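1. after the sequence you'll find the predicted model.
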Amino acid sequence: MGIRAVVWDVDDTLFDYTTADRAGMRAHLAAEGLLHGYESVEQALVRWREVTDRQWARFAVGEVDFETQRRDRVRAFLDTELTDAEAEDWFLRYITHYEAAWALFPDVLPVLDALAASHRHAVLSNSSLVVQDRKLRMLGVHDRFEAVLCAAELGVSKPEAGAFLAACEALDLAPHQVAYVGDHPEIDGRGAADAGLLSVWIDRGAVYTGDDVPVGPHRIGSLAELPALLGADTRFGAPSTFR
């Protein structure tokens with residue numbers, strides 16, 4: 001039996017997180033009067049992403065909960081001691097600017113439409129259900145997915161096999177009947193492959209060479225390539241740009 005369902009990552013797979021995060025933080029720092037402390041806007045944005053990645057890694061391994069990593073991102077970025085309320089207020093002001101820049105990638109709706117009749121769909125994210133549920137609703141695609149699973153509620157994060165297997169269980173399908181599509185070559189790509197799913201790494205522009213390219217996932221450059229990879233009965237799709 002072939003692939004019956006597709007489980008999707010959200011950030012930088014369906015949703016253009018990087019662009020929204022950069023635009024939102026740029027607007028937030030300007031509104032807060034904080035850009036003068038950096039040589040350039042780019043320097044500030046790079047520091048924010050570094051802090052975000054570092055604090056997110058702590059959450060992913062269970063060192064802190066979801067809310068704590070958000071507050072600690074603010075404290076680390078500002079290099080200031082803040083109460084929980086102060087840090088949360090600062091982060092929520094950033095969220096206002098961030099949400100104003102939310103958008104799907106242009107290849108998302110066409111591929112969801114193309115696969116709607118042939119495959120079931122779900123979401124597995126290393127985030128919080130509160131965050132991703134709201135995001136998918138605001139982006140107008142929440143009703144495309146049978147299930148939305150997130151690490152904060154599951155208690156296990158990608159690339160652990162348990163996260164991927166939980167998504168399969170939610171669909172009542174075996175791993176070999178499920179494809180997983182995500183943007184991170186290790187967390188998504190290798191993790192899904194090791195869990196026994198058909199792993200599809202969507203490489204939206206980052207360059208990986210040599211040992212950086214994981215063994216296991218299929219690598220595509222656009223979601224337009226996905227239906228052909230799944231063997232879907234549809235005219236939609238494009239030949240792979242990665243051979």
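-> Everything's here; your move. Computed from a prediction, not measured in an experiment: that's the story for all the values here. Numbers count the residues shown, from 1 in each chain.

2. show me the contacts for the closest residue to Arg120 other than its chain neighbours.
-> Sequence neighbours aside, Ala5 is the residue nearest to Arg120 in space, at 4.0 Å (criterion: Cβ to Cβ, 6 or more residues apart in numbering). For every residue, glycine as well, the C-beta is placed using N, CA and C. By Cβ atoms under 8 Å, 6 or more residues apart in numbering, the contact list for Ala5 reads 119-122, 171, 173, 177-179.

3. so what's Ala5 bridging to?
-> Arg120, Val178 (DSSP bridges).

4. do the same with Ser125
-> Beta-bridge partners, per DSSP bridges, of Ser125: Cys150.

5. could you list the domains of this structure?
-> 5-15+104-230, 17-100 (automatic domain parsing).

6. if you compare these, which one is most tucked away?
-> domain 5-15+104-230 (a mean of 19; mean count of other Cβ atoms under 10 Å).

7. quick check: the two most widely separated of the contacts of Ala5?
-> The two members of those with the most space between them (Cβ to Cβ) are His121 and Gln177, at 13.3 Å.

8. state the distance from the spatially most distant residue from the centre of the chain to Pro227.
-> Distance from the centre of the chain peaks at His36, with 31.1 Å (Cα atoms, centre = their mean). Distance of His36 to Pro227, given as Cβ to Cβ, to the nearest Å: 49 Å.

9. what do you get for Leu92?
-> Applying Cβ to Cβ to Leu92 and Pro227 gives a distance of 39 Å.

10. in the protein, where's the longest helix?
-> helix 41-60 (DSSP state H).

11. return the distance of the helix or strand just after that one from the chain's centre.
-> On the C-terminal side of helix 41-60, the closest following helix or strand by DSSP states H and E is helix 66-78. Distance of helix 66-78 from its chain centroid, counting by Cα atoms, centre = their mean, to the nearest Å, is 19 Å.

12. now do helix 66-78: which elements does it pack against?
-> Counting contacts by 3 or more Cβ pairs under 8 Å, 6 or more residues apart in numbering; DSSP states H and E, helix 66-78 packs against helix 41-60, helix 84-100.

13. out of those, flag the one nearest Ala27.
-> Nearest to Ala27, of those and by Cβ to Cβ, is helix 84-100 at 4.0 Å.

14. next, the angle from the closest one to helix 66-78.
-> Inter-element angle recorded for helix 84-100 and helix 66-78: 90 degrees (by axes from the mean of the first three to the mean of the last three Cα atoms, to 10 degrees).

15. who does the helix or strand that comes right after helix 84-100 touch, helix- and strand-wise?
-> Next helix or strand after helix 84-100 toward the C-terminus (DSSP H and E): helix 108-115. Contacts defined by 3+ Cβ pairs under 8 Å, 6+ apart place helix 108-115 against helix 226-230.

16. what separates the helix it packs on from the chain centre, distance-wise?
-> On Cα atoms, centre = their mean, the centre of helix 226-230 falls 20 Å from that of its chain.

17. pLDDT of that helix, averaged?
-> Averaged across helix 226-230, the pLDDT comes to 96.

18. name the spans of the chain whose pLDDT lies under the cut-off.
-> 1, 206-215, 232-243 (pLDDT under 70).

19. one more time with 50, if that's ok
-> 207-210, 235-243 (pLDDT under 50).

20. so who does Arg73 touch?
-> So Arg73 contacts 51-52, 55, 91 (Cβ under 8 Å, 6+ apart).

21. same thing but at 10 Å, please
-> 48, 51-56, 58-59, 87, 90-91, 94 (Cβ atoms under 10 Å, 6 or more residues apart in numbering).

22. and Asp107, by the same measure?
-> 14, 202, 204, 221-226, 238.

23. perfect, that will be all.
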